[in-house]
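**Student:** Need a 3D model of the following:
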Amino acid sequence: MPGRHYSKFTPPSLSMSELVCQKLDNDATDMLIDKWLERPHRPDSYYDWFQRVRERKHAANANARREQILLWNKGVFVPENIFTRTVDTGRLIPLDRTWVTHVYHHRSMKRLTMMPVIFSMLPELMLLRGMHDRGCDDIYVIVTDLKRHEMDQVSEYFQYVCQHTSSGDCKPSVERKINHDYIQLNNTLDRNRRTPCFPQIDLTLRAILYEKRPPFIVLFSHQTMSYSQILFANPHFVPAQEVYYDFPSGCPNPGCTDNCCELIRFPKQGADTAAVLCTKKKVRYRYGRRARPKEMCNWIDCDVCFSDEAPVGGAAAVEGSSEGSSDGSEASVDDHGGARTHANFAGLICSRCKLVKYCSPEHQRLDWEEHRRMCVKPSAE
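**Tutor:** Next up, the predicted model:
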């Protein structure tokens, strides 16, 4: 059984890890967000980027209801006024959803305060949390002191291991390469006195991916001239290039676009430059969360999943209200995650913004208090 002994080819158990886990709860996350908002916005590269996002025009069409988008249509610069499309349920939710951060670090780092660790990559975590409706209530971070070239080597190793060992048995040539790279990395990091040691990084990271199933995990480095890496479980979880192509590098200089200064490697060019761990659909040992994109009712407590077929009798809700027809819908139980699929019913589309769907007028009314903060008529194409 996987997890009873440490192996490079099968998932280990998190109980075997010797790293210390420190949790930052939702209240701590709220406090960090408040402190981040208290900073003077100008000059600030993140605030300038959100301003550019606000000026971009998003056409309200069928594709816009499926693709990743980021909207700041109304109000001041606060997370509850900025909405993002989730990649798993297709909902538009605000960035004010908090999370619990699980920070794994070596016991010798107990003097290193974990609050600044999270604060240094707070904008990236807010965006990644907002991109996922489910599975991101907990975010996992492993703190290291890897330098830049070492982080590159470790990231490439985990990508290769997760892609070639997730199906169980692997080819002898693959096994030899994994053993060779593992020994080489272990010797290099041990010679440079890196903490945690590479076996503990490997064990903890793969155990978290296998047992907790997060959509992504962060390898953080507190080295001054290094960067932190985001490892995605699936290419579907990677931020879209069309939205984040000009995302700031994190350098304090607002005009800096050099990747050598980046504090966290946020994939601005989509899946082509992202560190994706597994792209196979049928695997035995799945590392990370399964990618099951759906299009669901925008009311957060609803589990109705829509089909792609057009409804009978129209699908547009009245602007600013919740009128619409749901005649002819048949509810059934979806085997994936318990969501109910409405056969032959594509949902009631908000007639003002045309960016969200509802299963009923009642759920549109319930969601209006939140949805009103971003609902505006689309600009003319």
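**Student:** Quick one, grab the pLDDT at the residue nearest to residue 170 when sequence neighbours are not counted.
**Tutor:** Counting by CB to CB, 6 or more residues apart in numbering, the nearest residue to residue 170 once its immediate chain neighbours are dropped is residue 164, at 5.3 Å. No exception for glycine: its C-beta is placed from N, CA and C like everyone else's. Per-residue pLDDT puts residue 164 at 87.
**Student:** Do I have it right that residue 164 meets residue 181?
**Tutor:** No. The criterion here is CB atoms under 8 Å, and residue 164 misses it with residue 181 at 11.3 Å.
**Student:** picking up where we left off before, element containing the residue nearest to residue 170?
**Tutor:** If you go by DSSP states H and E, residue 164 is part of helix 148-165.
**Student:** Give the next helix or strand downstream of that helix.
**Tutor:** helix 172-191.
**Student:** Can you give the distance of that next one from its chain's centre?
**Tutor:** Averaging C-alpha positions (CA atoms, centre = their mean, to the nearest Å) puts helix 172-191 29 Å from its chain's average.
**Student:** Specify the angle between that helix and helix 148-165 in degrees.
**Tutor:** 150 degrees (axes from the mean of the first three to the mean of the last three CA atoms, to 10 degrees).
**Student:** what packs against helix 172-191?
**Tutor:** helix 148-165, helix 198-211 (3 or more CB pairs under 8 Å, 6 or more residues apart in numbering; DSSP states H and E).
**Student:** Tell me which of those helices sits nearest to residue 24.
**Tutor:** Relative to residue 24, the nearest member of the helices and strands packed on helix 172-191 by CB to CB is helix 198-211, separated by 16.0 Å.
**Student:** pLDDT of the closest one, averaged?
**Tutor:** Rounded mean pLDDT across helix 198-211 is 95.
**Student:** could you check the angle helix 148-165 makes with the helix or strand just after it?
**Tutor:** Heading C-terminal from helix 198-211, the first helix or strand you meet, by DSSP H and E, is strand 216-221. Here the directions of strand 216-221 and helix 148-165 differ by 150 degrees (the same axes, to 10 degrees).
**Student:** Next, find the distance separating the most centrally placed residue in the chain from residue 77.
**Tutor:** Computing the C-alpha centroid of the chain and ranking residues by CA atoms, centre = their mean puts residue 128 first, at 3.5 Å. Counting by CB to CB, to the nearest Å, the gap from residue 128 to residue 77 is 19 Å.
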